[in-house]
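>>> 3D model of this:
(one chain, ligands or ions: 2)
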Amino acid sequence: MRTSIATVCLSGQLAEKLHACAEAGFDGVEIMDADLVAAPESPEEIRALCARLGLRIDMFQPFRDAEGVPESDFAEVLRRAEAKFDVMERLGTDLMLLCSNVATATIGDDETLVRQLGEFADRAAARGIRIAYEALAWGRFVQDYRHAWNLVRRADRPNLGVCLDSFHILSLGLDPSGIEQIDAEKIFFLQLADAPDLDLDVLSWSRHHRLFPGEGSFELPAFLSHVLRAGYSGPLSLEVFNDTFRQTDARETADHALRSLRWLADQTAAANGWSEDRLQAPQVPRGVDFVEVAGEDLTELDQLLDQLGFIFGGRHRSKPVRLWSRGSARVILNEQARESQPRVASVGMLVDDTEAAMHRALGIGADEVFRRTFAGEQRLRGVASPDGTQVFWSDRPPSASWIQEFAGGETEHAGAAAGGAVDHINLGYSWERFDAAVLFHTSVLGLESESTAELPGPRGLVRSTVMRTPDGAVQLALNLAPPSAPALARHVAIRVDDVTDVARLARDRGLSLLRIPQNYYDDLGARFDIDPAELAELRELGLLYDRDEHGAFVHFYTPTFGGVFFEMVERRGGYVGFGAASTPVRLNAQQ
Ligand SMILES: O=C(O)c1ccc(O)c(O)c1
Ligand SMILES: [Mg+2]
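Numbering: from 1, shown residues only. Ligands and ions are numbered 1, 2, ... in the order given. A predicted model of the protein is given here:
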């Protein structure tokens, strides 16, 4: 599989983009005309730079508004084209992307389109250039790839083929299986992009909201399967117009982009039983082994965990690290951190095979992390997620030999007796890293995106996407902070049998829970036909409440310590949500 990427995906000037693509490991690039026009380097210098970086210029793109024009205007189209053929010659690339006409077409009959495409191709042929014709979803007369293919077939020129772009095909809901009817040698190029489900005009959707494969809702492995079954063997190229990636560090985006292609190639190969491009299958986590909070001084968190009924599991024998547990929920407090603010530094995942999990992660392109260990200590293997939070793997069942490294606490039995488990972990991301985080959790951990909600907070809308294992054993909520708001604190939610009990215990031990306004309880009474005694108890303890068709959810939040807080939850019946309705109240209370 050769990999390529359109320069339009990245931020910066053209030369910077090319460096980023090469460093990430792409084989080639599609150079966007506008990027070249704005570059200080000549086409010859860009050509030399690409050669030095080992990047092939796979395509020059796009040429617009050529076909379907009155004959009197077509001479001008050809004059423009010749000027760009000159540029391509200087760049040393022979493939030009021609988009279907969106602006100047006034003639929509196929005879005219075929004749003009043929003439355009003949001019290109005289220069040794090939033309890849792409149906844009908002083209004036040509929007459907099957229409574009039909015109190309009828024009019947050896140097005229089609460019397939997953966005234009899947955004219109076209059946991609027709791709298999296209002659393999006539698929000149393939552009790949994912996108979220949006009810938006297709032009704005395409220009602002495309995503890398694995981050949106298109069925890209199925799409790519059709293209490969058709016999396409050219590069897999990413063309992602996205406001966020245009602003983020080009190096980071290029790495992120290549990971998305590795994921897609692997998924596609797996779906078809092909052995090429296969990675180690993901080790879907069976549960959370531990959550590590790091900070300079975590004594307040020792107190907090004690108030929440966690049992002290001891001190690490060689590091300033302490263990607390409640049922199967284990929290590690690590004071080796350089930064003073407490934060969620790592999450341990229980898997069947840690080596396989590591292999998978490295195959996708994640970066391995190293922790200093001493003789006789278990060396945990793991990788950094896009924002630096580390993910470690532990073998299941929790043989947890690392637990033996802690001494001086209560027995593990005491911790187990307290009862509890990690229900979910809520991770806040800045706007630049959110999509990369979705891809990381999809591709490395094998989690699936569930629902996305937008919740009003005092500093703007917070977008929240739930990702979980198919069996729900690991549930993460990925939250996207509004761009101007401070970083979102992260939290760990612990599921207990009786949250009311835990709240009373915590209060008796001196913990002040997050203060919930009385208006919230008045509103609860309006939203639900709730037993007055129960409502009074919720109000008295400061508990939050939600209900769905399966059951109820009762929960409370602790105050925030630096970048971390805890939530204690009780699920009654088969309640499946996360109490999203009370999130705006929580965000305001935390202000
Ligand atoms: O939005 C556009 O103009 C545009 C240009 C080139 C492409 O390949 C494409 O898919 C869209
Ligand atoms: Mg395209």
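>>> C-alpha only now, for contacts and for neighbours.
Will do.
>>> Rounded mean pLDDT for whichever strand or helix holds Asn519, please.
Element membership for Asn519 (DSSP states H and E) is helix 518-527. In this model, helix 518-527 has a mean pLDDT of 96.
>>> could you give the angle of the helix or strand following that helix to helix 518-527?
Downstream of helix 518-527, the first helix or strand assigned by DSSP H and E is helix 532-541. On the basis of axes from the mean of the first three to the mean of the last three Cα atoms, to 10 degrees, helix 532-541 is oriented at 160 degrees to helix 518-527.
>>> Which neighbouring elements make contact with the helix ranked longest in the chain?
Longest helix in the chain, counting residues (DSSP state H): helix 250-272. Applying 3 or more Cα pairs under 8 Å, 6 or more residues apart in numbering; DSSP states H and E, one finds that helix 250-272 contacts helix 14-24, helix 220-229, strand 236-238, helix 354-364, helix 434-443.
>>> Do I have it right that Thr112 meets Gly68?
Yes - here Thr112 reaches Gly68: they are 6.4 Å apart, a contact under Cα atoms under 8 Å.
>>> So for the two, which sits in the more crowded spot?
Gly68 (28 against 17; other Cα atoms under 10 Å).
>>> Does the more buried one touch Gln116 like I think?
Yes - using Cα under 8 Å, Gly68 makes contact with Gln116 at a distance of 7.3 Å.
>>> picking that back up, for the helices and strands packed on helix 250-272, which one sits closest to Gly577?
With Cα to Cα, the closest approach to Gly577 among the helices and strands packed on helix 250-272 belongs to helix 434-443: 19.2 Å.
>>> so after the closest one, what's the next helix or strand?
strand 448-457.
>>> Strand partners (parallel or antiparallel) of the helix or strand following that following strand?
For strand 448-457, the following helix or strand on the C-terminal side (DSSP H and E) is strand 460-468. Paired strands of strand 460-468, with direction, are strand 448-457 (antiparallel), strand 475-480 (antiparallel) (DSSP bridges).
>>> ok, and what's touching the longest helix of the chain?
Applying Cα atoms under 8 Å, 6 or more residues apart in numbering, the contact partners of helix 250-272 are 3, 10-12, 16-17, 20-21, 23-26, 212-214, 220-222, 224-225, 236, 238, 245, 275-279, 363-366, 436, 439, 443.
>>> Please pick the buried ones from these.
3, 10-12, 17, 20-21, 24-26, 212-214, 220-222, 224-225, 236, 238, 245, 278-279, 363-366, 436, 439, 443 (16 or more other Cα atoms under 10 Å).
>>> now for the helix holding Asn519, which elements pack on it?
Using 3+ Cα pairs under 8 Å, 6+ apart, helix 518-527 is in contact with helix 532-541.
>>> thinking again about what came up before, rank the strands paired with strand 460-468 by pLDDT, which is bottom?
strand 448-457 (a mean of 86).
>>> what separates the longest helix of the chain from the chain centre, distance-wise?
11 Å (Cα atoms, centre = their mean, to the nearest Å).
>>> Extract the C-alpha trace of it and format it as PDB.
Presented in PDB, the C-alpha positions along helix 250-272 are these (Å, rounded to 0.1, in the frame of the first residue of the first chain):
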ATOM      1  CA  ALA A 250       1.500  20.000  10.700                       C
ATOM      2  CA  ARG A 251       3.800  17.400  12.100                       C
ATOM      3  CA  GLU A 252       1.300  16.200  14.600                       C
ATOM      4  CA  THR A 253      -1.500  16.100  12.000                       C
ATOM      5  CA  ALA A 254       0.600  14.200   9.500                       C
ATOM      6  CA  ASP A 255       1.400  11.500  12.100                       C
ATOM      7  CA  HIS A 256      -2.300  11.400  13.000                       C
ATOM      8  CA  ALA A 257      -3.200  11.100   9.300                       C
ATOM      9  CA  LEU A 258      -0.800   8.200   8.700                       C
ATOM     10  CA  ARG A 259      -2.200   6.300  11.700                       C
ATOM     11  CA  SER A 260      -5.700   6.700  10.200                       C
ATOM     12  CA  LEU A 261      -4.600   5.100   6.900                       C
ATOM     13  CA  ARG A 262      -2.900   2.200   8.800                       C
ATOM     14  CA  TRP A 263      -6.100   1.600  10.700                       C
ATOM     15  CA  LEU A 264      -8.200   1.700   7.500                       C
ATOM     16  CA  ALA A 265      -5.900  -0.600   5.500                       C
ATOM     17  CA  ASP A 266      -6.000  -3.100   8.400                       C
ATOM     18  CA  GLN A 267      -9.700  -2.900   8.800                       C
ATOM     19  CA  THR A 268     -10.200  -3.400   5.100                       C
ATOM     20  CA  ALA A 269      -7.800  -6.300   4.900                       C
ATOM     21  CA  ALA A 270      -9.500  -7.900   7.900                       C
ATOM     22  CA  ALA A 271     -13.000  -7.500   6.400                       C
ATOM     23  CA  ASN A 272     -11.800  -9.300   3.300                       C
END
